[in-house]
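# predicted coordinates and the sequence they were generated for:
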Amino acid sequence: MLWGFCEGRFAVKTDSLRVTSPSSLEGVYPCAIGNFRVPQFGGSMVGIVAYPISNRKACKSFDGVDISFKSNLGGLPTFLLADRGDCYMALKAWNAQNGGVAAILIADDWIESLIMIATIAEDHFDYGQNLTLPTAFISKSFGDSIKKTLSSGEMVTINLDWTFWAKRLPHPHPRNMSMIPISTL
């Protein structure tokens, strides 16, 4: 019987996500930048956070929702806040990308160390090849703080910066990608 082991390094960038408003949340927060693919654009992006009333886990398409995530001319892009669980994180990002958001923040559903989102399940590899949406995994406590702020009617503005990662992320070739599914817990 053969036994194998694998060694991995999960990197969390502690200065990649900055809340610029409201003042009660201002600051820098750790996040794990998803590296399904390097976004087709570089640098950083400022956007406002939206937390949908339905499909909060982003496991379904946003085609039938009454809200548009596409930014208005001259307006800030929309960052979707989604809850972890029920489906692969790559599927959440795919649904958000097709819904017109500029980025997705996936809030953990329990207290743990952040993990890097790095693989696409084999049965979902067809859309994974076209996934370019900036994706960040955030802690449960930070996600809860954003939800509380949004529920009080305040707007949350975030600056996501992936310039550090754009230079260092692997540029996977489909034949060389790991097909190990990300946990759906």
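Cool, the structure landed. Here the structure is a predicted model, which is why all the values come from computation and not from measurement. Numbers count the residues shown, from 1 in each chain.
# show me what contacts the nearest residue to I48 once chain neighbours are set aside?
The shortest distance from I48 to any non-neighbouring residue, by CB to CB, 6 or more residues apart in numbering, is to L76 (4.9 Å). Using the backbone N, CA and C atoms, a C-beta is placed for each residue, glycine as well. Residues near L76 by CB atoms under 8 Å, 6 or more residues apart in numbering: V46, G47, I48, T157.
# what about 10 Å?
M45, V46, G47, I48, A102, M155, T157, I158 (CB atoms under 10 Å, 6 or more residues apart in numbering).
# need the pLDDT of it.
pLDDT for L76: 92.
# next one: N98
91.
# surely it meets K70?
No. Judged on CB atoms under 10 Å, N98 makes no contact with K70 at a distance of 11.3 Å.
# before we move on, back to that, the residue nearest to I48 in helix, strand or coil?
coil (DSSP: H, G, I helix; E, B strand; the rest coil).
# farthest pair in the contacts of L76?
M45 and M155 (16.2 Å; CB to CB).
# neighbour-wise, which of these two wins?
Neighbour count, other CB atoms under 10 Å: between M45 and M155, M45 has more, with 18 against 12.
# that one: what secondary structure?
What three-state DSSP gives for M45 is strand.
# with L150 instead?
helix.
# check the gap between it and L81 for me.
8 Å (CB to CB, to the nearest Å).
# joint contacts of these two?
With CB under 10 Å, 6+ apart, L150 and L81 have common neighbours V49, A50, Y51, V156.
# show me what contacts the closest residue to the second one other than its chain neighbours?
Counting by CB to CB, 6+ apart, T78 is the residue found nearest to A50 once chain neighbours are left out, at 5.1 Å. When contacts are counted by CB under 10 Å, 6+ apart, T78 is found next to 47-50, 67-72, 96, 99-104.
# next: R56.
L80, L81, A82, D83, G85, D86, A107, K147.
# quick one, grab the pLDDT at it.
Confidence at R56, expressed as pLDDT, is 96.
# which strand or helix spans it?
If you go by DSSP states H and E, R56 is not part of any helix or strand.
# now the strands for the chain?
For the chain, the strands defined by DSSP state E cover 13-21, 27-33, 44-50, 78-83, 103-107, 135-138, 157-161.
# out of the ones you listed, nearest to C59?
Taking CB to CB, strand 78-83 is the member of the strands of the chain nearest to C59, at 8.7 Å.
# list the buried residues for the closest one?
T78, F79, L80, L81, A82, D83 (16 or more other CB atoms under 10 Å).
# tabulate those residues (a markdown table), appending distance to W162.
Shown next, in a markdown table, are the buried residues of strand 78-83 (distance: CB to CB, whole Å):
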| residue | distance to W162 |
| --- | --- |
| T78 | 17 |
| F79 | 13 |
| L80 | 16 |
| L81 | 18 |
| A82 | 18 |
| D83 | 22 |
